[in-house]
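K.L.:
predicted model and sequence below, questions to follow.
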Amino acid sequence: MDQQLESIKKLAQYVKASFVWCNLSFGELWYLTQTPETEQEKELCKGHTLNFYGIALQYVIVMEYAKMLEEKYSENEKQKNKNVGSIIRLNEEVKKFFGSDFQKALINDKILDELKTSKFYEKLRNLRDKKFGHIDADYSVNPLSIKGFSGNEIDECKRHLMLILQALNNCLEMFDHALIEKIPNRDNRTANFIRYHSKYQKYYHDNFVKAHNEGYGLS
(Lines give C-alpha, C1' and ligand atoms only; values in the text may rest on other atoms or scores of the structure.)
Protein backbone atom coordinates (compact mmCIF):
# COMPACT_ATOMS: atom_id res chain seq x y z
CA MET A 1 0.00 0.00 0.00
CA ASP A 2 2.77 2.45 0.97
CA GLN A 3 4.67 1.59 -2.21
CA GLN A 4 1.59 2.28 -4.33
CA LEU A 5 1.04 5.62 -2.62
CA GLU A 6 4.68 6.59 -3.18
CA SER A 7 4.30 5.66 -6.85
CA ILE A 8 1.30 8.01 -7.17
CA LYS A 9 3.20 10.81 -5.42
CA LYS A 10 6.02 10.33 -7.91
CA LEU A 11 3.55 10.64 -10.80
CA ALA A 12 2.35 13.90 -9.25
CA GLN A 13 5.93 15.21 -9.28
CA TYR A 14 6.20 14.52 -13.01
CA VAL A 15 2.93 16.35 -13.70
CA LYS A 16 4.03 19.27 -11.54
CA ALA A 17 7.32 19.50 -13.47
CA SER A 18 5.50 19.59 -16.82
CA PHE A 19 3.08 22.19 -15.52
CA VAL A 20 5.85 24.46 -14.21
CA TRP A 21 7.74 24.21 -17.53
CA CYS A 22 4.57 24.96 -19.48
CA ASN A 23 3.53 27.88 -17.28
CA LEU A 24 7.04 29.37 -17.20
CA SER A 25 7.15 29.28 -21.00
CA PHE A 26 3.63 30.67 -21.23
CA GLY A 27 4.59 33.51 -18.89
CA GLU A 28 7.53 34.41 -21.12
CA LEU A 29 5.31 34.29 -24.21
CA TRP A 30 2.70 36.39 -22.40
CA TYR A 31 5.19 39.16 -21.67
CA LEU A 32 6.67 38.89 -25.15
CA THR A 33 3.27 39.46 -26.77
CA GLN A 34 1.55 41.69 -24.21
CA THR A 35 4.40 44.07 -23.32
CA PRO A 36 5.04 45.93 -26.63
CA GLU A 37 3.20 49.26 -26.76
CA THR A 38 5.49 51.69 -28.55
CA GLU A 39 6.70 51.24 -32.11
CA GLN A 40 10.23 50.71 -30.80
CA GLU A 41 9.07 47.89 -28.52
CA LYS A 42 7.11 46.26 -31.35
CA GLU A 43 10.08 46.43 -33.70
CA LEU A 44 12.35 44.93 -31.04
CA CYS A 45 10.00 41.96 -30.60
CA LYS A 46 9.82 41.44 -34.36
CA GLY A 47 13.61 41.17 -34.55
CA HIS A 48 15.35 37.84 -35.07
CA THR A 49 16.29 37.08 -31.45
CA LEU A 50 12.94 37.66 -29.76
CA ASN A 51 10.96 36.34 -32.72
CA PHE A 52 12.89 33.06 -32.58
CA TYR A 53 12.55 33.03 -28.78
CA GLY A 54 8.78 33.24 -29.20
CA ILE A 55 8.78 30.25 -31.57
CA ALA A 56 10.86 28.23 -29.09
CA LEU A 57 8.50 29.15 -26.25
CA GLN A 58 5.48 28.04 -28.25
CA TYR A 59 7.26 24.74 -28.95
CA VAL A 60 7.76 24.09 -25.23
CA ILE A 61 4.16 25.03 -24.43
CA VAL A 62 2.75 22.66 -27.05
CA MET A 63 4.96 19.75 -26.02
CA GLU A 64 4.38 20.08 -22.26
CA TYR A 65 0.65 20.77 -22.65
CA ALA A 66 0.23 17.65 -24.83
CA LYS A 67 2.29 15.63 -22.34
CA MET A 68 -0.02 16.59 -19.47
CA LEU A 69 -3.12 15.63 -21.47
CA GLU A 70 -1.78 12.36 -22.81
CA GLU A 71 -4.26 9.50 -22.86
CA LYS A 72 -4.40 6.92 -20.10
CA TYR A 73 -1.57 4.41 -20.23
CA SER A 74 -1.93 0.68 -20.74
CA GLU A 75 -1.76 -1.34 -17.55
CA ASN A 76 0.61 -3.73 -19.28
CA GLU A 77 3.80 -4.03 -17.18
CA LYS A 78 5.91 -2.85 -20.13
CA GLN A 79 3.90 0.40 -20.33
CA LYS A 80 3.98 1.40 -16.66
CA ASN A 81 6.73 3.98 -17.17
CA LYS A 82 4.96 5.72 -20.06
CA ASN A 83 2.92 8.93 -19.88
CA VAL A 84 4.11 9.65 -16.34
CA GLY A 85 3.57 13.39 -16.88
CA SER A 86 -0.12 12.94 -17.67
CA ILE A 87 -2.67 14.61 -15.39
CA ILE A 88 -5.19 12.14 -16.83
CA ARG A 89 -3.11 9.18 -15.65
CA LEU A 90 -2.53 10.81 -12.25
CA ASN A 91 -6.26 11.45 -11.85
CA GLU A 92 -7.07 7.81 -12.63
CA GLU A 93 -4.44 6.53 -10.19
CA VAL A 94 -5.74 8.79 -7.40
CA LYS A 95 -9.31 7.64 -8.05
CA LYS A 96 -8.32 3.97 -7.92
CA PHE A 97 -6.25 4.36 -4.75
CA PHE A 98 -8.54 6.60 -2.67
CA GLY A 99 -11.91 5.50 -4.05
CA SER A 100 -14.87 7.41 -2.61
CA ASP A 101 -12.54 9.43 -0.37
CA PHE A 102 -11.49 11.34 -3.49
CA GLN A 103 -14.54 13.58 -3.39
CA LYS A 104 -13.40 15.83 -6.24
CA ALA A 105 -13.13 12.97 -8.73
CA LEU A 106 -16.24 14.06 -10.65
CA ILE A 107 -15.00 17.66 -10.77
CA ASN A 108 -11.70 16.49 -12.23
CA ASP A 109 -13.42 14.23 -14.76
CA LYS A 110 -15.49 17.19 -15.93
CA ILE A 111 -12.42 19.46 -16.17
CA LEU A 112 -10.39 16.93 -18.12
CA ASP A 113 -13.28 16.15 -20.45
CA GLU A 114 -13.73 19.87 -21.16
CA LEU A 115 -10.03 20.21 -21.99
CA LYS A 116 -9.88 17.12 -24.20
CA THR A 117 -12.95 18.10 -26.26
CA SER A 118 -11.87 21.72 -26.86
CA LYS A 119 -10.73 23.16 -30.19
CA PHE A 120 -7.61 24.52 -28.49
CA TYR A 121 -6.58 21.03 -27.39
CA GLU A 122 -7.24 19.75 -30.91
CA LYS A 123 -4.99 22.43 -32.39
CA LEU A 124 -2.10 21.87 -29.97
CA ARG A 125 -2.33 18.10 -30.17
CA ASN A 126 -2.31 18.36 -33.96
CA LEU A 127 0.82 20.53 -33.81
CA ARG A 128 2.50 18.06 -31.45
CA ASP A 129 1.60 15.00 -33.50
CA LYS A 130 2.13 16.34 -37.01
CA LYS A 131 4.82 19.02 -36.74
CA PHE A 132 6.69 19.02 -33.42
CA GLY A 133 6.84 15.47 -32.08
CA HIS A 134 6.68 13.99 -35.59
CA ILE A 135 6.43 15.47 -39.08
CA ASP A 136 3.73 14.82 -41.64
CA ALA A 137 4.29 15.36 -45.36
CA ASP A 138 1.44 17.88 -45.58
CA TYR A 139 3.24 20.32 -43.24
CA SER A 140 5.65 23.04 -44.35
CA VAL A 141 9.35 22.22 -44.11
CA ASN A 142 10.14 25.86 -43.31
CA PRO A 143 11.33 25.74 -39.68
CA LEU A 144 10.09 29.30 -39.08
CA SER A 145 6.64 28.69 -40.55
CA ILE A 146 5.04 28.12 -37.15
CA LYS A 147 2.13 30.49 -36.79
CA GLY A 148 2.07 32.28 -33.46
CA PHE A 149 -0.87 32.09 -31.08
CA SER A 150 -3.63 34.61 -31.68
CA GLY A 151 -4.80 36.84 -28.84
CA ASN A 152 -7.81 34.56 -28.28
CA GLU A 153 -5.58 31.49 -28.23
CA ILE A 154 -3.30 33.07 -25.63
CA ASP A 155 -6.37 33.75 -23.46
CA GLU A 156 -7.52 30.16 -24.02
CA CYS A 157 -4.09 28.81 -23.09
CA LYS A 158 -4.27 30.76 -19.83
CA ARG A 159 -7.72 29.33 -19.12
CA HIS A 160 -6.56 25.78 -19.84
CA LEU A 161 -3.55 26.12 -17.56
CA MET A 162 -5.83 27.34 -14.77
CA LEU A 163 -8.07 24.28 -15.25
CA ILE A 164 -5.10 21.88 -15.29
CA LEU A 165 -3.75 23.47 -12.10
CA GLN A 166 -7.16 23.09 -10.46
CA ALA A 167 -7.32 19.40 -11.40
CA LEU A 168 -3.74 18.84 -10.25
CA ASN A 169 -4.34 20.49 -6.89
CA ASN A 170 -7.52 18.45 -6.44
CA CYS A 171 -5.29 15.38 -6.69
CA LEU A 172 -2.56 16.85 -4.49
CA GLU A 173 -5.11 17.61 -1.76
CA MET A 174 -5.21 13.89 -1.08
CA PHE A 175 -1.56 14.17 0.00
CA ASP A 176 -2.16 17.41 1.96
CA HIS A 177 -0.16 19.27 -0.64
CA ALA A 178 -0.68 21.99 -3.26
CA LEU A 179 1.16 23.63 -6.15
CA ILE A 180 1.11 27.40 -5.79
CA GLU A 181 1.55 29.01 -9.21
CA LYS A 182 0.55 32.33 -10.74
CA ILE A 183 -0.82 32.04 -14.28
CA PRO A 184 0.93 33.33 -16.24
CA ASN A 185 4.20 33.08 -14.37
CA ARG A 186 4.98 36.48 -12.82
CA ASP A 187 8.69 36.75 -13.66
CA ASN A 188 8.64 40.08 -15.51
CA ARG A 189 12.33 40.34 -16.43
CA THR A 190 11.55 39.82 -20.14
CA ALA A 191 8.99 42.62 -20.02
CA ASN A 192 11.56 44.91 -18.40
CA PHE A 193 14.16 43.94 -21.01
CA ILE A 194 11.77 44.86 -23.83
CA ARG A 195 10.90 48.23 -22.28
CA TYR A 196 14.42 49.30 -21.35
CA HIS A 197 16.28 47.87 -24.34
CA SER A 198 13.90 49.56 -26.80
CA LYS A 199 14.58 52.90 -25.03
CA TYR A 200 18.32 52.23 -25.17
CA GLN A 201 18.13 51.43 -28.88
CA LYS A 202 16.20 54.64 -29.57
CA TYR A 203 18.65 56.68 -27.48
CA TYR A 204 21.62 55.09 -29.26
CA HIS A 205 20.08 55.60 -32.72
CA ASP A 206 19.10 59.24 -32.09
CA ASN A 207 22.51 60.15 -30.72
CA PHE A 208 24.38 58.25 -33.44
CA VAL A 209 22.45 60.16 -36.11
CA LYS A 210 23.08 63.44 -34.28
CA ALA A 211 26.83 62.72 -33.98
CA HIS A 212 27.00 61.72 -37.64
CA ASN A 213 25.24 64.91 -38.74
CA GLU A 214 27.69 66.94 -36.66
CA GLY A 215 30.68 65.28 -38.33
CA TYR A 216 31.51 62.71 -35.65
CA GLY A 217 30.42 59.66 -37.64
CA LEU A 218 32.73 56.85 -38.60
CA SER A 219 35.01 57.65 -41.52
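P.N.:
It's in.
K.L.:
point out where the chain drops to low pLDDT.
P.N.:
Filtered on pLDDT under 70, the chain yields the residue ranges 1, 72-79, 133-145, 200-219.
K.L.:
redo that, cut-off 90
P.N.:
The model of the chain has pLDDT under 90 over residues 1-2, 33-52, 55, 71-83, 126-149, 151, 185-219.
K.L.:
scan it for its longest helix.
P.N.:
In the chain, taking DSSP state H as the definition, the longest helix is helix 2-34.
K.L.:
mind listing what's buried along the helix or strand just after that helix?
P.N.:
For helix 2-34, the following helix or strand on the C-terminal side (DSSP states H and E) is helix 39-46. Of all the residues in helix 39-46, those buried under the rule 16 or more other Cβ atoms under 10 Å are Gln40, Glu41, Leu44, Cys45. C-beta here means a position set from N, CA and C on the backbone, and glycine is covered the same way.
K.L.:
same question for stretch 194-201.
P.N.:
Neighbour-count burial for stretch 194-201, counted by 16+ other Cβ under 10 Å, picks out Ile194, Arg195, Ser198.
K.L.:
from Ser150, how far off is the closest residue to the first one other than its chain neighbours?
P.N.:
Nearest residue to Ile194, sequence neighbours excluded (Cβ to Cβ, 6 or more residues apart in numbering): Thr35, at 4.8 Å. As for Thr35, its distance to Ser150 is 17 Å (criterion: Cβ to Cβ, to the nearest Å).
K.L.:
please apply the same query to Ala66.
P.N.:
19 Å.
K.L.:
okay, these two: which has more neighbours?
P.N.:
Ala66 (22 against 10; other Cβ atoms under 10 Å).
K.L.:
wait, doesn't the more buried one sit right on Lys130?
P.N.:
No - counting by Cβ atoms under 8 Å, Ala66 stays clear of Lys130, with 11.5 Å between them.
K.L.:
now do the helices in this protein.
P.N.:
Using DSSP H, helices in the chain cover 2-34, 39-46, 48-68, 87-98, 105-116, 119-127, 151-172, 189-213.
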